[in-house]
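1. Here is my input; please provide its structure:
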Amino acid sequence: MKNIVLLLLVAACCWSCGPAASDASAQDQTSTEEGAVAKNTFLIRPGEGFGDFTGELAKADLMRLLGKNRIMERPFYLGEGESAPGLVLYPDSPEEVEVLLDEDNLPIMYRIQEEGSEWATAEGLKVGSSLADLEKINGKPFKFTGFDWDYGGTVTNWNGGNFADKDFLVVLGYDADTAQFAEEDLSQLMGDQEIQSTLPALKRYAFKVISITQRY
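-> From the prediction side, this is the model:
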């Protein structure tokens, strides 16, 4: 009789503990998988795309991938008053992505411009990164255009750095409300000219990334 009672107690213990342990293991696995997905959702992959968005996804593919509530049509601003047909993904959120479409409704550019967004490269480059951070992540100094015109602050040459030959476009800018440029620096920093990122005058001001674009 004692042996039967003992067996029943052991069985009851296994029954009560076994499934809970399995459930906990399953929950841990689910959490890990969800964490991995969340981590990669807003990963910028220079030379490839933004998250799962690539140049091979047509407008209809993007709509199926995101759903109608997270995508809308909006003209893509090109500069100098010119715009072209486009889309915006995650509209009116920090993770907003602008998409330029070609005549076949295929993306030829993905662009982000919202500071505070979760979008970032594996090395941490994002909108809001400093000029020094950009140079460090590229691995080499680079060249870009002077500021205060439509194409101002645009990187023109990665000089063989990590972003070279990837059709990866970055634009630098500054906070116009707080920046106070010395008169002697204006001719070195402003206008249609090419600037080396090692220029000493750049270190006196808080220049930062204001736009990141993947082109195809």
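2. Put the alpha carbons of stretch 75-85 into PDB.
-> Taking C-alpha atoms only, stretch 75-85 is exported to PDB below (Å, rounded to 0.1, in the frame of the first residue of the first chain):
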ATOM      1  CA  PRO A  75       5.700  61.900 -53.400                       C
ATOM      2  CA  PHE A  76       9.400  61.400 -52.800                       C
ATOM      3  CA  TYR A  77      11.200  64.700 -52.700                       C
ATOM      4  CA  LEU A  78      14.300  64.700 -54.900                       C
ATOM      5  CA  GLY A  79      15.600  68.200 -54.300                       C
ATOM      6  CA  GLU A  80      15.500  71.600 -56.000                       C
ATOM      7  CA  GLY A  81      11.700  71.500 -55.900                       C
ATOM      8  CA  GLU A  82      11.400  68.200 -57.700                       C
ATOM      9  CA  SER A  83       9.400  65.200 -56.500                       C
ATOM     10  CA  ALA A  84       8.600  61.700 -58.000                       C
ATOM     11  CA  PRO A  85       6.100  58.900 -57.200                       C
END
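3. first vs last residue of stretch 154-164, how far apart are they?
-> 14 Å (Cα to Cα, to the nearest Å).
4. buried ones in that stretch?
-> By neighbour count, with 16 or more other Cβ atoms under 10 Å as the criterion, the buried positions of stretch 154-164 are Thr154, Val155, Trp158, Asn159, Gly161, Asn162, Phe163, Ala164. C-betas here are computed from N, CA, C, even on glycine.
5. got a list of what the first one touches?
-> The contact partners of Thr154, taken as Cβ atoms under 8 Å, 6 or more residues apart in numbering, are Phe144, Thr145, Leu169, Val170, Val171, Leu172.
6. Find me the pLDDT at it, would you?
-> According to the prediction, Thr154 has pLDDT 98.
7. so where do the strands sit in the chain?
-> 43-45, 49-50, 71-73, 76-79, 82-84, 86-89, 97-101, 107-112, 120-121, 143-145, 155-157, 168-173, 194-196, 208-215 (DSSP state E).
8. ok now the third one, how far from the chain's centre?
-> So the one you mean is strand 71-73. Relative to its chain's centre, strand 71-73 lies at 19 Å (Cα atoms, centre = their mean, to the nearest Å).
9. circling back to that earlier point, so which of the buried residues of stretch 154-164 is the closest to Trp119?
-> Phe163 (15.6 Å; Cβ to Cβ).
10. Please name the residues that touch the closest one.
-> Pro46, Asn138, Phe142, Val155, Val170.
11. same thing but 10 Å
-> By Cβ atoms under 10 Å, 6 or more residues apart in numbering, the contact list for Phe163 reads 46-47, 121, 125, 134, 137-140, 142, 155, 169-170.
12. residue ranges for the helices of this protein, please.
-> Ranges of helices in the chain, per DSSP state H, are 2-41, 59-66, 131-138, 183-189.
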